[in-house]
Every structure is written in C-alpha cells, then in structure tokens.
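J.: Mind folding the following:
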Amino acid sequence: MSAPDAPWPVEPWAVREPEIDLDQLARTESVFALSNGHLGLRGNLDEGEPRGISGTYVNGYFESYPLEYGESGYGFAEDGQAIVNVQDGKVIHLMLGDEPVDMLRGTVLHHERVLDFRTGTLDREVHWRSTYGREVKIRTRRLVSFTHRATAAIAYEIEAVGKPMRIALQSNLVANQPAQEGAKDPRKGKELGAVLQGRLARGYELRAVLAHTTRNSALTCAAGMEHVIGGGASDLHTAVYVEDDLARVTISCKLVPGQPMRFVKFMAYHWSSRQSPEFLRDQVTASSSGRP
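T.: The predicted structure is shown next:
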C-alpha cells in the first residue's frame with residue numbers, strides 16, 4: 001500500500017495510480033470518476049467492495065425530502081432535493097473456484113489505474129493471488145460514451161496464471177445499495193436510504209433491465225445491461241437472474257494460461273417523470289444494443 005501523501009507520477013495527459021491504497025478509496029473514486037454531463041460513474045473498484053461511496057448518477061434524476069427546522073417561519077422552504085444513486089452496473093464479481101477476488105484478501109501483486117484524458121477511458125490492471133495460490137491477471141477498461149449520452153461500457157479480460165482453473169463472473173446491476181457503515185464523507189450528500197421502488201425486472205440470455213420509481217419525486221429510471229463474450233473461454237455456461245433490486249448475468253468457464261477470456265458489458269440508463277417503465281425498458285434495450 002502506498003502512503004496517503006505519496007506522490008503519483010506527473011503525466012501531461014493522464015492520472016496514474018501506481019498501487020492501490022484502501023485508506024484513500026473515497027478520494028480516488030472521485031479522481032477516477034467518468035461523466036459525459038448526463039451519465040456519471042464514480043471510480044469504484046470493479047468488484048464493488050471495498051468502497052468509499054458507491055455512485056452512478058443520471059443528470060436531473062432526484063428525490064425530494066422534507067426540510068426540518070428548529071422553528072418554522074414564513075417563506076422557509078419545505079422540501080429539499082438530492083440526486084439519487086441509481087442502479088449500479090459497474091459491479092463485476094469474480095470467483096476463482098470458491099474464492100472471490102477481493103482486494104482485502106489474498107495478495108495484490110500488482111494494481112494500477114490510469115485515467116486517460118485523451119480517450120476518456122479508465123484502465124485498470126490487477127495481478128492477484130488467492131489464499132490457496134490461485135493466480136490471475138485482470139485488465140479492464142471503462143468509459144462513458146460521448147456519442148450516446150445514456151450509455152457506458154466496461155471491457156473485461158481475465159487470464160489464468162500458472163495453471164488452468166474454473167472461474168465464475170457475476171455481472172450485476174444493483175439498486176438501493178446500502179451506505180458503508182461509519183461513512184461520514186461530505187461527498188455522499190443527503191443520506192436518502194432505499195428510495196428506489198421496483199417497478200420492472202426482466203432478464204433473458206445475456207441481458208437484463210431494472211426499472212425503479214422514487215418514492216416522493218415519482219421519477220422512473222430504467223437501467224439495462226448486455227454482454228458480448230469473446231475469446232479464451234472453454235466449457236462456457238451462462239445464466240441470468242433478476243429480482244426487484246438485482247439483476248445478475250453469470251458467466252462460468254474454464255481458463256487456460258495464455259488464453260485470456262474477454263467480454264464487454266454495455267449499460268444504458270433512461271428516466272422520465274411521465275413515461276411508463278415498459279416504455280423506458282424499450283429505450284434502454286435499444287440503447288444498450290446500439291453500443292457506445
């Protein structure tokens with residue numbers, strides 16, 4: 001782990017984190033955030049945990065809440081508004097046999113993240129060894145599209161090191177994520193709790209869509225994900241599972257050293273105060289199929 005005040009390399013067109021510092025996650029999540037002005041993703045780790053503050057935001061999508069005063073007075077505002085952390089599609093869990101890839105466990109042999117200002121991409125490289133000696137290299141690239149404002153994508157590559165192994169990838173879309181215990185970071189803003197109410201959950205093949213409506217502002221947001229698999233995988237099996245606050249696509253396969261398995265995860269978000277969840281579902285499906 002690097003010291004909190006250790007300098008990062010100075011580069012003209014990139015921000016580079018040469019090693020992971022778990023004590024500084026909230027800060028680096030802000031530094032490595034991606035946005036196109038409409039859709040924004042905090043720079044959370046692909047595994048989802050550990051984390052400082054989870055965050056996926058869509059411009060204009062908010063929840064209302066009552067303002068409390070010690071004494072009320074004429075002209076005092078009665079309601080406030082806070083931006084909502086919508087369905088999070090960044091989360092990709094990786095299992096090596098029965099061991100999860102977790103930055104809090106095992107041994108991190110190498111970890112680097114680079115935000116490239118020219119391409120607008122966030123690249124990550126991880127070399128990790130489990131407690132029982134399973135070893136993998138992971139390379140990811142994350143972007144938010146400037147061409148299609150409602151879409152984002154993650155390219156994910158996993159390579160076995162040393163010996164063949166069976167892996168399982170769980171690509172998730174998660175709503176109403178709980179806040180981290182004891183988190184008092186001012187960047188998280190008003191703590192709204194679980195304000196997203198499930199309206200629609202559909203999954204088929206390698207696709208899934210969730211739609212939710214906020215309790216008070218009555219705004220509906222639909223989020224979807226689609227996956228394209230290619231290269232390196234043998235004995236491949238897939239499955240999809242959905243419930244109100246979770247959609248999961250599971251990809252299970254056998255890896256051989258030197259033959260990395262790759263897939264791309266496409267995500268799309270649409271919201272409205274008037275359109276039905278079914279209408280927004282169709283928008284999301286069209287956007288995620290169109291690619292960033």
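J.: alpha carbons only for contacts and neighbour counts from here, please
T.: OK.
J.: can you point me to the longest helix in the chain?
T.: helix 277-290 (DSSP state H).
J.: Could you pull out the strands in the stretch 101-250 of the chain for me?
T.: For the stretch 101-250 of the chain, applying DSSP state E, counting those that start in this stretch gives strands covering 107-116, 121-129, 135-144, 151-161, 165-174, 196-204, 207-214, 220-230, 234-243, 246-255.
J.: Among those, which comes closest to residue 261?
T.: The stretch from the strands of the stretch 101-250 of the chain with the least distance to residue 261 (Cα to Cα) is strand 151-161; that distance is 5.4 Å.
J.: Let's see the closest one as CSV, backbone CA atoms only.
T.: Written as CSV, here are the backbone C-alpha positions of strand 151-161 (Å, rounded to 0.1, in the frame of the first residue of the first chain):
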residue,chain,number,x,y,z
THR,A,151,-24.6,4.6,-22.4
ALA,A,152,-21.5,3.3,-20.8
ALA,A,153,-19.3,0.2,-21.2
ILE,A,154,-16.8,-2.0,-19.4
ALA,A,155,-14.3,-4.2,-21.3
TYR,A,156,-13.1,-7.0,-19.0
GLU,A,157,-10.3,-9.5,-19.6
ILE,A,158,-9.2,-12.3,-17.2
GLU,A,159,-6.2,-14.5,-17.6
ALA,A,160,-5.1,-17.5,-15.6
VAL,A,161,-1.5,-17.6,-14.4
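J.: helices or strands next to that strand in the packing?
T.: Contact partners of strand 151-161 among helices and strands, from 3 or more Cα pairs under 8 Å, 6 or more residues apart in numbering; DSSP states H and E: strand 135-144, strand 261-272.
J.: Pairing partners for it, with directions?
T.: If you go by DSSP bridges, strand 151-161 pairs up with strand 135-144 (antiparallel), strand 261-272 (antiparallel).
J.: Residue 119 is in contact with residue 142, correct?
T.: No - with contact defined as Cα atoms under 8 Å, residue 142 and residue 119 do not form a contacting pair (10.7 Å).
J.: Which one's more surrounded, these two?
T.: Neighbour count, other Cα atoms under 10 Å: between residue 142 and residue 119, residue 142 has more, with 23 against 10.
J.: Next, find the distance separating that one from residue 219.
T.: Distance of residue 142 to residue 219, computed by Cα to Cα, to the nearest Å: 27 Å.
J.: Out of the strands paired with strand 151-161, flag the one nearest residue 176.
T.: Closest among the strands paired with strand 151-161, using Cα to Cα: strand 261-272, at 15.7 Å.
J.: what's that closest one in contact with?
T.: The contact list for strand 261-272 (Cα atoms under 8 Å, 6 or more residues apart in numbering) reads 39, 58, 61, 89, 150-159, 219-233, 255, 280, 283-285, 287-289, 291-292.
J.: returning to what we had before: pull out the buried positions in the longest helix of the chain.
T.: Neighbour-count burial for helix 277-290, with 16 or more other Cα atoms under 10 Å as criterion, is recorded at 277, 280, 281, 283, 284, 285, 287, 288, 289.
J.: first vs last residue of stretch 95-111, how far apart are they?
T.: Using Cα to Cα, the gap from the first to the last residue of stretch 95-111 comes to 18 Å.
J.: let me fix that: stretch 141-148
T.: For stretch 141-148, the first-to-last residue distance is 18 Å (Cα to Cα).
J.: Okay, buried residues for it please.
T.: Taking 16+ other Cα under 10 Å as the basis for neighbour counts, the residues of stretch 141-148 that come out buried are 141, 142, 143, 144, 145, 146, 148.
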